[in-house]
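K.L.:
Attaching a predicted model along with its sequence, questions to come.
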Amino acid sequence: QEVQGIDFQYTVGPIPIADDLGKEIIVRFNSDLNSNETFYTDSNGRELQQRQMNHRNFYQYIVEDPVSGNYYPVNALISIKDDQQSFTLLTDRSCGGTSLHSGQLEIMVHRRLLYDDNKGVQEALNELGDDNKGLIVSMKNKLVLTSSKKSAYLQRKIQKSIYISSNAYTITFASSNTTN
């Protein structure tokens with residue numbers, strides 16, 4: 001039985017830069033859930049990690065950039081919940097995500113930057129692609145609203161339908177001959 005939700009598919013790019021400005025393309029979903037600026041992201045498609053806006057558990061966090069400082073890796077899903085409902089976005093690929101306000105989910109779909117953002121790669125994120133015009137990105141997401149009590153079970157069921165579909169298998173071959 002298929003889990004009910006809303007499927008979204010995006011194709012974005014190439015991002016224009018003729019104005020000499022880099023751009024970040026996001027998708028944002030707003031709801032009336034009172035999530036208290038708390039959200040959850042998965043850890044390698046397995047357990048969920050609780051995230052709190054402008055907070056770190058192990059050190060005193062100083063807010064220097066309230067947007068990028070609250071973005072986290074999203075490998076399979078990002079979710080918010082209150083006492084009654086859970087609002088989950090499942091992705092078909094890794095991306096960045098956040099919840100900048102209570103009741104809100106946001107993911108980064110694509111970006112093209114002309115200058116180093118000082119986040120560790122020491123170069124601009126300006127991949128040109130085969131045609132030298134910039135990359136084109138396609139992504140599929142499933143948005144699901146469920147009761148908070150059933151959310152963990154349904155999240156796993158949806159992940160299975162996304163990642164273990166008939167076209168998700170990769171056939172590999174290896175030689176059985178070994179030399180010691």
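P.N.:
In hand now; what should we look at?

K.L.:
got a pLDDT number for residue 139?
P.N.:
pLDDT recorded at residue 139 is 90.

K.L.:
Quick check: nearest residue in space to it, chain neighbours excluded?
P.N.:
residue 10 (4.9 Å; Cβ to Cβ, 6 or more residues apart in numbering). In this view, the C-beta of every residue, glycine as well, is placed from N, C-alpha and C.

K.L.:
wait, isn't the one you found in contact with residue 27?
P.N.:
Yes. Counting by Cβ atoms under 8 Å, residue 10 touches residue 27, with 7.0 Å between them.

K.L.:
Overlap in contacts, the two.
P.N.:
Counting by Cβ atoms under 8 Å, 6 or more residues apart in numbering, the residues touching both residue 10 and residue 27 are 109, 141.

K.L.:
And the contacts of the longest strand belonging to the chain?
P.N.:
Ordering each strand of the chain by length in residues (DSSP state E) puts strand 137-147 first. With contacts defined as Cβ under 8 Å, 6+ apart, strand 137-147 is touched by 3-13, 27, 29, 31, 84-93, 95, 107, 109-110, 154-155, 158, 162.

K.L.:
6 Å - rerun?
P.N.:
5-13, 86-92, 109-110, 154, 158 (Cβ atoms under 6 Å, 6 or more residues apart in numbering).

K.L.:
which residues touch stretch 16-36?
P.N.:
12, 15, 80, 82, 85, 87, 102-114.

K.L.:
Any of these buried? List them.
P.N.:
The neighbour-count test (16 or more other Cβ atoms under 10 Å) applied to the contacts of stretch 16-36 identifies 15, 80, 82, 85, 87, 102-113 as buried.

K.L.:
Out of the residues you listed, which sit inside strands?
P.N.:
Those of those lying in strands (DSSP E): 80, 85, 87, 104, 105, 106, 107, 108, 109, 110, 111, 112.

K.L.:
which secondary element of the chain has the worst mean pLDDT?
P.N.:
Ranking every helix and strand in the chain by mean pLDDT, DSSP states H and E puts helix 151-163 at the bottom, with a mean of 62.

K.L.:
No further queries at this time; thank you.
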